[in-house]
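>>> sequence first, then the predicted structure:
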Amino acid sequence: MADALIEVKNLSFRYAQHDSMTLDHLSLSVEKGSWTTIVGRNGSGKSTLIKLLTGLLENKSQDAISLFGRVLSEDTVDKIRLHIGLVLQNPDNQFVGPTVADDVAFGLENLDLSRGHMEQRVKEALENVGMLDFYDWEPARLSGGQKQRVALAGVLALHSDLIILDEATSMIDPIGRQSLLALVKQLQNRFGMTILSVTHDIEETFLADQILVMDHGGVALQGRPSQILIEDQALSGFGIELPLSRTVQRDLLALSIALPSGYLSEEELIDQLWQLYSKK
Ligand SMILES: Nc1ncnc2c1ncn2[C@@H]1O[C@H](COP(=O)(O)OP(=O)(O)OP(=O)(O)O)[C@@H](O)[C@H]1O
Ligand SMILES: [Mg+2]
């Protein structure tokens, strides 16, 4: 792909204590400025892939991973990592500073910025995630959703080009989750950031430009949400819960009530159900 920001070719990985490969000749490509979501059953290798991409695990498949047009290797990993913002599942494990502002500033300390410049970046980043009012707060007093916003601010302050989220919304309530995802979408549109997210929430994948379904350490399915989210049998076979609209479509069809056959978001589903109801 011409504009690939992440290019993985034939990546294999085995943990020392395992007999079988955790990643097995995995290939994928992520276009600059796009949002790619990875889904797959527990243990399919999603987090292992993320750890290899971010240098948290050492990649022994030479030349298999390129990021920002550079091959990830022992020599390049430190530089490349500076451009990646990683947000993980448990916000509590990601806080290091006594205040929200200190926390966002933490990652900037290696950048050799002046005190004033650093403060400005922290304020801008907190403003962009709607958390400037919490500048002086202790992170422990924030809700889970607010903590994840602050974690995103840390990524923004670094001016990262790539945000990687590994189940970053799984510990927050549905409303907090929606608003965090809307924020990520906004950051993608506004700053042209590239997003790679891992989730078990199939409805979340609708926001992506590309869905990758992982199974047994490889990419089993890939395509646009409108293509993948209607693959009921294949998704079930890979241990993935179907979108709500697919089960409602199927159940209504059994009663000879046909809804439009493509993927419907939750809002579109509600809209269709209202239309049916008002025709009664
Ligand atoms: N540090 C480790 N040492 C040894 N084996 C590991 C380690 N981390 C993960 N594994 C194994 O590698 C496989 C893939 O794990 P991984 O965490 O990548 O899966 P995942 O797709 O992220 O799953 P989940 O959806 O549960 O987060 C599993 O069999 C797991 O037990
Ligand atoms: Mg995982």
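Thanks, I have the structure now. Remember, predicted model here, so these are calculated numbers, not experimental data. Numbering: from 1, shown residues only. Ligands and ions are numbered 1, 2, ... in the order given.
>>> tell me what the helix or strand residue 8 falls within is packed against?
In this structure, residue 8 sits in strand 4-13 according to DSSP states H and E. Applying 3 or more Cβ pairs under 8 Å, 6 or more residues apart in numbering; DSSP states H and E, one finds that strand 4-13 makes contact with strand 23-31, helix 46-53, strand 65-67, strand 194-198. Backbone N, C-alpha and C define where each C-beta goes, glycine included.
>>> next, format the ones you listed as JSON lines and append mean pLDDT, mean neighbour count and distance to ligand 2.
JSON lines is the format used below for the helices and strands packed on strand 4-13 (pLDDT from 0 to 100; neighbours: other Cβ atoms under 10 Å; distance: least, Cβ to the ion, whole Å):
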{"stretch": "strand 23-31", "mean pLDDT": "97", "mean neighbour count": "19", "distance to ligand 2": "13"}
{"stretch": "helix 46-53", "mean pLDDT": "97", "mean neighbour count": "22", "distance to ligand 2": "3"}
{"stretch": "strand 65-67", "mean pLDDT": "97", "mean neighbour count": "22", "distance to ligand 2": "18"}
{"stretch": "strand 194-198", "mean pLDDT": "97", "mean neighbour count": "24", "distance to ligand 2": "6"}
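>>> looking at it, residue 67 is touching residue 84, isn't it?
Yes. Using Cβ atoms under 8 Å, residue 67 is in contact with residue 84, at 7.4 Å.
>>> what does the pLDDT read for the nearest residue to residue 228 once chain neighbours are set aside?
Nearest non-adjacent residue to residue 228, counting by Cβ to Cβ, 6 or more residues apart in numbering: residue 211, 4.4 Å away. pLDDT for residue 211: 98.
>>> in its sheet, what does the helix or strand residue 211 falls within sit against?
For residue 211, the host element (DSSP H and E) is strand 210-215. Strand 210-215 has the following sheet partners, assigned by DSSP bridges: strand 35-40 (parallel), strand 218-223 (antiparallel).
>>> do you know which of those strands lies nearest ligand 2?
Proximity of the strands paired with strand 210-215 to ligand 2 was assessed by Cβ to the ion; the nearest stretch is strand 35-40, lying at 9.0 Å.
>>> give me the contacts around that closest one.
When contacts are defined by Cβ atoms under 8 Å, 6 or more residues apart in numbering, strand 35-40 is touched by residues 28, 30, 46, 49, 184-185, 188, 194-200, 202, 204-205, 207-215, 220, 238-240.
>>> run the last query once more with 7 Å
Contacts of strand 35-40 from elsewhere in the structure, counted by Cβ atoms under 7 Å, 6 or more residues apart in numbering, are 30, 46, 188, 195-199, 202, 204-205, 207-215, 238, 240.
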